[in-house]
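Participant: here is the input, now give the coordinates:
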Amino acid sequence: MSHTENTHSKLIGYILWIFGFMGAHRFYFGRPISGTIYFFTLGLFLIGWIVDLFLIPGMDNDADQKYKGGDKDYTISWILLTFLGFFGIHRFYLGKLFTGLIWLFTGGFFLLGWLYDLWTLNEQVDEINKEAD
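Facilitator: Okay, here's the model as predicted:
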């Protein structure tokens, strides 16, 4: 069953696109593989980054189709991960108190947990929102 909810923000996508040569917007829209490739190739040598300026509406639509909306907001989760992820604040927001404390005292579980969350945050929020139904 397909559902369309506005789970992700085009505006945030475009703001992250400014830093997109590092893959930020691709991670946000649930594309961790290409986000990682962009990170290591500077947005496919800036060419992919420029092309993405036109692809963001489609990425936003795909994310809206794929992920379930609910009590936990994707954009808030991503902002917390981006700016306070080393302290686990996004995990506290998602109700993951134990791992939030681990992230808090270990710098995002020695950065490995923070990297894991870059890859899986959308799925984590999606799962919590589905459980709340």
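
Participant: now do the residue nearest the centre of the chain, the pLDDT please.
Facilitator: For the chain, Tyr28 is the residue whose C-alpha lies nearest the centre (Cα atoms, centre = their mean; 3.3 Å). Tyr28 carries a pLDDT score of 97 in this model.

Participant: I'd say it and Leu11 touch.
Facilitator: No: judged on Cβ atoms under 8 Å, Tyr28 makes no contact with Leu11 at a distance of 11.3 Å. Every residue, glycine included, has its C-beta placed from N, CA and C.

Participant: now the strands for the protein?
Facilitator: Using DSSP state E, the chain contains no strands.

Participant: skipping its backbone neighbours, what lies nearest Gly85 in space?
Facilitator: Spatial nearest neighbour of Gly85, chain neighbours left out: Trp114 (4.8 Å); criterion: Cβ to Cβ, 6 or more residues apart in numbering.

Participant: need the contact list for the one you found.
Facilitator: Shown in contact with Trp114 (Cβ atoms under 8 Å, 6 or more residues apart in numbering): Leu81, Gly85, Phe86, Trp103, Gly108.

Participant: so which of the residues you listed sit within helices?
Facilitator: Here DSSP state H is the test, and the contacts of Trp114 give Leu81, Trp103, Gly108 as lying in helices.

Participant: filter the residues you listed down to the buried ones.
Facilitator: Leu81, Trp103, Gly108 (16 or more other Cβ atoms under 10 Å).

Participant: was I right to think Phe109 contacts Trp103?
Facilitator: Yes: counting by Cβ under 8 Å, Phe109 touches Trp103, with 5.7 Å between them.

Participant: circling back: okay if I get the ones in helices among the contacts of Trp114 as TSV plus distance to Asp71 and pLDDT?
Facilitator: Shown next, in TSV, are these (distance: Cβ to Cβ, whole Å; pLDDT from 0 to 100):
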residue	distance to Asp71	pLDDT
Leu81	17	95
Trp103	21	97
Gly108	24	93
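
Participant: turn those into TSV, columns for distance to Glu5.
Facilitator: Listed next are the ones in helices among the contacts of Trp114 as TSV, based on distance: Cβ to Cβ, whole Å:
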residue	distance to Glu5
Leu81	20
Trp103	28
Gly108	29
